[in-house]
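In: Could you work out the structure for the sequence below:
(chains A and B)
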Protein chains: 2
Amino acid sequence: MKLNFDEKGLIPAVIQDRQSGKVLTLCYMNKEALDRTLREGKVCVFRRSKGRVMLKGETSGNIQAVKEVFVDCTDNSLLFKVEQKVAACHKGYFTCYFRKVDRDGKESVIEKKVFEPKDVYKK
Amino acid sequence: MKLNFDEKGLIPAVIQDRQSGKVLTLCYMNKEALDRTLREGKVCVFRRSKGRVMLKGETSGNIQAVKEVFVDCTDNSLLFKVEQKVAACHKGYFTCYFRKVDRDGKESVIEKKVFEPKDVYKK
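Out: Below you'll find the predicted structure:
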């Protein structure tokens, strides 16, 4: 597998829940995060805001077990089908795409909260 | 809807086939491409290799009719659920993720070709 990492050394990865087909999130991996993801079978990301590789769900325990991996036609992105534990979004929703946008650009929350972030991400 | 376009003025958009739930592709939109997508109801992308906004399917006719739009928890990416005409991938497959990667990094094509690119993209 040859991949085109961008000028920051990252490649975007779409994470999809295998069972429901829901798109959970879009994350970024550097070579180290990708190698660890493939080796350990759990999604690891390069958290840009922290500048380091993290296991997705490191704090919350809501890990993503990798079931299938796909590469796009241009070697520019990846797709992981996973088994999501509890919920993917740090705001407590199953997916990060819990807000729907209507034609006027107005957003509405269309998922129910699965957990309360303040109970999970304790200071 | 406030969005975080990156330093190149782009935001990534995951495109998902509404009917099958398949992830079709990951594309990039600038403000103009996004506005046109929302206004016309067909996915328009900023084609980085050409440096301009294009209707997805401009050459092939394989457009993506927008059915639903979602924004992620960080305002960093979008998800479009679409009705895909024929196939999304310029290589002739329904999705751009037609190659599966096994544990050893070996790729195998897991979709059947829907069209022959050389017949569609004529010089």
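In: Distance from the chain centre to the helix or strand of chain A with the lowest mean pLDDT, please.
Out: Ranking every helix and strand in chain A by mean pLDDT, DSSP states H and E puts helix A:117-120 at the bottom, with a mean of 92. Distance of helix A:117-120 from the chain centroid (Cα atoms, centre = their mean, to the nearest Å) equals 19 Å.
In: same check, this time on stretch A:60-80
Out: 8 Å.
In: What number of neighbouring residues does A:Lys2 come out with?
Out: 7 (other Cβ atoms under 10 Å in any protein chain shown). For the C-beta atoms, the positions are set from N, CA and C on the backbone; glycine is no exception.
In: Regarding A:Val45, what is its secondary structure?
Out: For A:Val45, the assignment made with DSSP: H, G, I helix; E, B strand; the rest coil gives strand.
In: wouldn't it be in contact with A:Tyr28 here?
Out: Yes: using Cβ atoms under 8 Å, A:Val45 is in contact with A:Tyr28, at 6.3 Å.
In: shared neighbours, these two?
Out: A:Ala13 (Cβ atoms under 8 Å, 6 or more residues apart in numbering or on different chains).
In: More neighbours: these two, which one.
Out: A:Val45 (25 against 18).
In: so the more buried one bridges to which residues?
Out: On the basis of DSSP bridges, A:Val45 takes part in beta bridges with A:Met54.
In: Check it and give its pLDDT.
Out: The score at A:Val45 is 97. That number is its pLDDT.
In: how close does it get to B:Lys118?
Out: 38 Å (Cβ to Cβ, to the nearest Å).
In: Is there proximity between the least confident helix or strand of chain A and chain B?
Out: No: between helix A:117-120 and chain B, judged by Cβ under 8 Å from any Cβ of the partner chain, nothing touches; the nearest distance is 10.4 Å.
In: Check stretch A:61-81 too.
Out: Yes: using Cβ under 8 Å from any Cβ, stretch A:61-81 reaches chain B at A:68-74, A:76-77, A:79.
In: tell me the mean pLDDT for that stretch?
Out: Average pLDDT, stretch A:61-81: 98.
In: Likewise for stretch A:15-22?
Out: Stretch A:15-22 comes out at a mean pLDDT of 98.
In: Contacts for it next, please.
Out: Residues contacting stretch A:15-22 (Cβ under 8 Å, 6+ apart): A:23-27, A:43, A:56, A:64, A:67-68, A:79-84, A:88, A:94-95, B:21-23.
In: again, 7 Å this time
Out: A:23-25, A:27, A:43, A:64, A:67-68, A:79-84, A:88, A:94-95, B:21, B:23 (Cβ atoms under 7 Å, 6 or more residues apart in numbering or on different chains).
In: Ok, stretch A:40-60 next?
Out: Residues outside stretch A:40-60 that contact it (Cβ under 7 Å, 6+ apart) are A:10, A:15, A:27-30, A:32-33, A:36-37, A:63-66, A:80, A:82, A:85, A:120-121.
In: Narrow these to those that are buried.
Out: Among the contacts of stretch A:40-60, those scoring as buried are A:10, A:15, A:27-30, A:33, A:36-37, A:63-64, A:66, A:80, A:82 (criterion: 16 or more other Cβ atoms under 10 Å in any protein chain shown).
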